[in-house]
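J.: coordinates for the following, if possible.
(one chain, ligands or ions: 1)
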Amino acid sequence: MRKKTQLIHGGIGMDAETGAVTPPIHPASTFKQKGIGNFQYEYGRTGNPTRHALESLLADIESGAHGFAFASGLAAITAVMKLFSSGDHIIVTDDVYGGTYRLFTKILQREGIAATFVDTEDQAAVARARTSKTKAIFIETPTNPLLKVTDIRKLASYAQAEELLLIVDNTFATPYWQNPLVLGADIVVHSATKYLGGHSDVVAGAVVVKDEKLAETLAFIQNATGAVLGPTDSWLLMRGIKTLGVRMEEIETNARMLVKFLLGHPNVSRIYYPGLVEHPGHATHALQARGFGGIISFEAASEEIADNVLNKTTYFTLAESLGAVESLISLPAKMTHASIPEDRRSALGITNTLVRLSVGLEDFEDLAEDLEIGLTVF
Ligand SMILES: *Cc1c(COP(=O)(O)O)cnc(C)c1O
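T.: Numbers count the residues shown, from 1 in each chain. You can find the predicted model right below:
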């Protein structure tokens with residue numbers, strides 16, 4: 001099955017009982033047992049048929065064996081972190097999503113799970129950060145908002161040789177463009193709130209693995225900690241995933257044209273987009289993914305211009321989040337990455353003039369005109 005077909009026909013899909021072409025929403029919290037211990041579903045936290053249909057679809061589209069749906073991306077990452085114990089150490093990509101950084105520094109650290117943040121593009125830096133306590137490497141590629149790229153294959157073979165788990169947050173590239181499990185990663189996580197849902201109407205998270213033992217442990221953790229995705233949101237997510245392929249193709253077409261537009265603009269001093277040949281991670285990304293996505297970051301020539309573009313655009317909505325049909329604009333330093341201390345932020349290059357676009361499905365001409373207005377200061 002090819003990619004777009006899989007998004008529609010993967011997982012369980014149809015309802016076998018009625019022939020309905022979409023799985024039904026089962027709100028039931030409990031299920032009648034045929035006899036004690038004789039059941040397919042028992043209790044809604046442990047398993048729900050709608051969530052199960054979504055989880056089987058998630059497993060298929062990430063080329064894994066088992067999928068798990070959670071109440072948010074951070075709930076998914078938190079569940080994965082329950083694989084580790086006090087005393088363990090994890091190496092983490094230095095410019096991870098702000099909420100992930102906060103989870104590692106404010107919650108997991110308190111629980112005795114230490115993290116070292118390094119530029120995971122640099123394998124020597126990863127090796128230097130490794131201690132006898134290290135159990136895993138957690139990466140994002142491309143990263144948010146600087147779109148730095150880590151070579152998944154290389155890091156996977158390092159992780160395997162050193163007996164570390166490689167966890168990849170694949171939110172930005174999406175399973176349509178990139179499949180970390182195929183490249184050797186052990187665990188894929190998603191904020192399904194973003195491209196998988198795709199319509200800014202559901203908050204959800206996903207974990208996918210290929211290893212049976214890991215799947216068993218994660219199923220135990222999912223049930224034991226309980227941050228599961230509800231049946232209605234599970235259904236909404238399946239509905240969103242069906243159009244992931246066409247959305248990503250169209251979003252990328254818009255993104256490429258907007259990059260061209262920004263390249264020629266006098267009030268834009270630098271552009272971050274993995275599709276640009278001069279982008280530092282371009283070659284690596286092209287080897288491990290089939291597309292470059294819809295996130296563009298750029299440096300406005302001044303804070304005044306950055307402010308102007310954030311306040312004057314009409315179709316680019318000033319909002320957090322990304323990956324939906326509507327285009328969004330944000331200033332990471334003051335929004336998504338505000339939970340990262342200022343000195344760390346500037347060391348990473350997340351400046352007060354760095355603007356991030358999440359390109360949507362509007363007409364390119366409207367988006368370009370919108371940015372032109374924002375980038376013009378009278
Ligand atoms: C949004 C996001 C998260 C967190 O997901 P939520 O669904 O908001 O909890 C994690 N990783 C990345 C890359 C994200 O963009």
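J.: quick check on the residue of the stretch 101-250 of the chain found nearest the ligand: phi, psi?
T.: The ligand sits closest to residue 191 of the stretch 101-250 of the chain, with a gap of 3.0 Å, by CB to the nearest ligand atom. In short, each C-beta sits where N, CA and C put it, glycine included. Torsion angles at residue 191 (phi, psi; degrees, to the nearest 10) stand at phi -90, psi 100.
J.: the ligand contacts on the chain?
T.: The chain has residues 72-74, 97, 99-100, 140, 144, 169, 171-172, 191, 193-194, 203, 205 near the ligand, with proximity defined as CB under 6 Å from any ligand atom.
J.: now, the most widely separated pair of the residues you listed?
T.: Across the residues of the chain next to the ligand, the longest distance by CB to CB is 18.7 Å; it joins 140 and 203.
J.: between the two, tell me which one has more neighbours.
T.: Counted by other CB atoms under 10 Å, residue 140 and residue 203 do not tie: residue 140 has more neighbours, with 25 against 18.
J.: quick one: the strands in the protein?
T.: 66-70, 89-93, 114-118, 134-140, 165-169, 187-191, 205-209, 268-272, 295-300, 317-318, 328-330, 354-358 (DSSP state E).
J.: any chance of a markdown table for the ones you listed, columns mean pLDDT?
T.: Formatted as a markdown table, the strands of the chain follow (pLDDT from 0 to 100):
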| stretch | mean pLDDT |
| --- | --- |
| strand 66-70 | 98 |
| strand 89-93 | 98 |
| strand 114-118 | 97 |
| strand 134-140 | 98 |
| strand 165-169 | 98 |
| strand 187-191 | 98 |
| strand 205-209 | 98 |
| strand 268-272 | 96 |
| strand 295-300 | 97 |
| strand 317-318 | 95 |
| strand 328-330 | 97 |
| strand 354-358 | 97 |
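J.: once you drop chain neighbours, what's closest to residue 262?
T.: Of all residues beyond its chain neighbours, the one nearest residue 262 is residue 268 (4.9 Å), with distances taken as CB to CB, 6 or more residues apart in numbering.
J.: over to residue 8?
T.: Excluding the flanking residues, the one nearest residue 8 by CB to CB, 6+ apart is residue 242, at 5.2 Å.
J.: neighbours of the one you found, how many?
T.: Neighbour count of residue 242, defined by other CB under 10 Å: 18.
J.: please report how far residue 4 lies from residue 238.
T.: 15 Å (CB to CB, to the nearest Å).
J.: again but with residue 222, I slipped
T.: Separation of residue 222 from residue 238 (CB to CB): 18 Å.
J.: returning to what we had before: pLDDT score for the residue nearest to residue 8?
T.: On pLDDT, residue 242 comes in at 97.
J.: hmm, it is touching residue 9, no?
T.: No: the pair residue 242 and residue 9 does not pass the contact test of CB atoms under 8 Å, sitting 9.6 Å apart.
J.: residue 4 and residue 238 - which one has more neighbours?
T.: It is residue 238, of residue 4 and residue 238, that has more neighbours when counted by other CB under 10 Å, with 26 against 16.
J.: great, nothing more from me.
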